[in-house]
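**Q** From the sequence below, what's the structure:
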Amino acid sequence: MGQALFTAECSHIFHFKCIGLNVKHGNHVCPICRAKWKEVPIHGSQNSDHSRGRARVRPVNVPHDQDYTMIIRPPYRDYSHRKANLAPLYQSSEPASFDDDEPLNLQSNATKETRHGCADKVEMKTELEYSAIPKSAIEENFAVLIHLKAPSADTEHIPGKTTRAPVDLVTVLDISGSMAGSKLALLKRAMGFVIQNLGPSDRLSVIAFSVTGRRLFNLRRMTESGRQLALQAVNSLVASGGTNIADGLRKGVKVIEERKEKNPVCSIILLSDGQDIYNIAGSSSPRQSEYRSLLPPVFWDRTNNQIPVHAFGFGSDHDAAALHFISETTGGTFSFIEAEAVIQDAFAQCIGGLLSVLVQKLHVVVDCVHPGVQLTDVKCGSYSSQMASDKRRGSINVGDLYADEERDFLVYVNVPEVHHEDATALLRLCCFYQDAVSNESMHLKTQEVLLQRPETVREQKMSLDVDRQRNRIFAAEAMAAARAAAERNALSEAVSILENHRKMVSESAAANAGDQMCMALDAEMKEIQERMANRQRYESSGRAYVLSGLSSHSWQRATARGDSTQSSTSVHAYQTPSMVEMIGRSQILQTKPHHRR
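**A** Presented below is the predicted three-dimensional model:
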């Protein structure tokens, strides 16, 4: 008969009998990580269930409407020869090919219903820098704002109806020696939260890496049994060895590339707290070519990449530049987890987005209409854009949008003088995308952008929306320039760059109108200045903080940076309702007294 297992609040697993004797002698700390326990195993029927081979424990965080104990008795193994610090449960050899993914729930896929109606379409709006300019005026860089907003999440839960696109998720987790103790315990809890919030149509595979990468289990549906296996696998992890990010990432990509079936959405979550000592030379400032060695070849052609890697730097010793390079190259985001305890909230924000993808392959095409109009620039951050050689056509590849996500792009054009026209047709916009739930191709109604051309204009008022986005772009450019200066060890120059841009933003029309984004950008640049006060501060947190900010602004997508709890900063600027709801669920679980039966 199987022996009862006890899972401590630090997530290490022990035989109930063995650890019970340990506690009986007054030891209330974990024998492995030395974490002090608030809940300890107690002999007797009140707090244990020996007949069913499981013990009441502090559970991995789960949705607040569930009340259960985490440990399910595994298939019987003879553990009598092992010491208390159990070795990992998953030691079987890996297959040569990772084409053993669990088949999709075809019945669920067959029940998909096409989303329809205006409310379920992407919203596209435009706004001009000025609503009118005189007929005689010539403008060389006139700004046109293109605003996109994804549909809202479908909150109606109708049986037989798919309301979101299922996800194939691979988590690539650092379990090197530096992760030992509280870091690994917190990672296990955060992964428990992820596992419990994936649905039966979602699939998960976990890669753990230290000296090498290892797949813990195949890409598997998160049914009840799938969750149990995933929780057991994650809780079996033990920290040791060095850090080989490249091999962990290679295994993660292998899972995605070799799967037989595909869910509509796929992504990789990468977490590391250290430097890759196997693939990057020990120089203090590695070149981009060295960071490129961390990426599997599938990522080298960015135009064809469909696997975003959302990277998380954990603590003060991770390689922020390497992780930012990985995320930027693959179309993912980089988050900085400065305070270890917020790792679960950071993961919650990420999966809150991934579990709400409604729009895929979004593409915007911009054509000049008036023969005298040409494009001069397209400001779209990290999104790829193209411009025809005659500057009469441009396009932006936006890709995926989460529910309620918004994107703002500034297109600059030259505006010619006119004589007889009362309005100049500047641009014609087309927008194409794929509905992630129904897989239906969508085409928004073509929009034409008109600029009024009276004889004279008494008073020109700049659009605050255009000015706001211009400030966002200015701030992001300032952060990038300051970071470049800091890497040259010119910290005073970096601080000066930020100071100048803070002044520019504060004097803008949007800031004078009390715009919240301008206030947040100013606070963010001020925070970066403080983290560039000296070399030690910059190395420990400044670099990671500014890179996570750049990632957020360049993709217009929420990232975690610092402890991410202060509402006064701009870390919440791009959060969607789905992200906020998932973070709230995470925080409730961390503060709520644990259920008792």
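
**Q** hey, let's count contacts and neighbours off CA atoms from now on
**A** OK.

**Q** so residue 126 bridges to which residues?
**A** Beta-bridge partners for residue 126, by DSSP bridges, are residue 146.

**Q** Any figure for the gap between it and residue 365?
**A** According to C-alpha to C-alpha, to the nearest Å, residue 126 and residue 365 sit 13 Å apart.

**Q** what do you get for residue 329?
**A** Taking C-alpha to C-alpha, one finds residue 329 at 23 Å from residue 365.

**Q** what do you get for residue 348?
**A** Per C-alpha to C-alpha, residue 348 is found 34 Å from residue 365.

**Q** out of those two, which sits in the more crowded spot?
**A** residue 348 (27 against 19; other C-alpha atoms under 10 Å).

**Q** neighbours around residue 494, how many?
**A** So residue 494, with other C-alpha under 10 Å, has 25 neighbours.

**Q** Backbone dihedrals for the most centrally placed residue in the chain, please?
**A** Nearest to the geometric centre of the chain sits residue 350, at 4.2 Å (C-alpha atoms, centre = their mean). Here is the backbone geometry of residue 350 (degrees, to the nearest 10): phi -60, psi -50.

**Q** Let me know the secondary structure of residue 220.
**A** Here residue 220 is recorded as strand under DSSP: H, G, I helix; E, B strand; the rest coil.

**Q** What's opposite it in the beta bridge?
**A** Per DSSP bridges, the residues bridged to residue 220 are residue 204.

**Q** could you point out which element follows whichever strand or helix holds residue 168?
**A** Secondary structure from DSSP states H and E places residue 168 in strand 167-174. Sequence order places helix 182-197 as the next helix or strand after strand 167-174, per DSSP H and E.

**Q** for that next one, packing partners?
**A** If you count contacts as 3 or more C-alpha pairs under 8 Å, 6 or more residues apart in numbering; DSSP states H and E, helix 182-197 packs onto helix 224-235, helix 343-354.

**Q** looking at those helices, which is buried most?
**A** Among the helices and strands packed on helix 182-197, helix 343-354 has the highest mean neighbour count (mean count of other C-alpha atoms under 10 Å), at a mean of 25.

**Q** And for it, what's in contact with it?
**A** Helix 343-354 is contacted by residues 167, 186-187, 189-191, 193-194, 265, 267, 310, 314, 335, 337, 402-403, 558-560, 576, 578-583, 586-587 when judged by C-alpha atoms under 8 Å, 6 or more residues apart in numbering.

**Q** what angle do it and strand 167-174 make?
**A** Calculated by axes from the mean of the first three to the mean of the last three C-alpha atoms, to 10 degrees, helix 343-354 forms an angle of 150 degrees with strand 167-174.

**Q** Just the mean pLDDT for helix 343-354, thanks.
**A** Averaging pLDDT along helix 343-354 yields 98.

**Q** Can you show me the helices along the stretch 351-500 of the chain?
**A** Using DSSP state H, counting those that start in this stretch, the helices of the stretch 351-500 of the chain run over residues 464-487, 491-506.

**Q** Buried residues, the longest one. List them.
**A** For helix 464-487, a neighbour-count test (16 or more other C-alpha atoms under 10 Å) marks 464-483, 485-487 as buried.

**Q** do stretch 240-248 as well
**A** For stretch 240-248, burial by neighbour count (16+ other C-alpha under 10 Å) applies to 240, 242-248.
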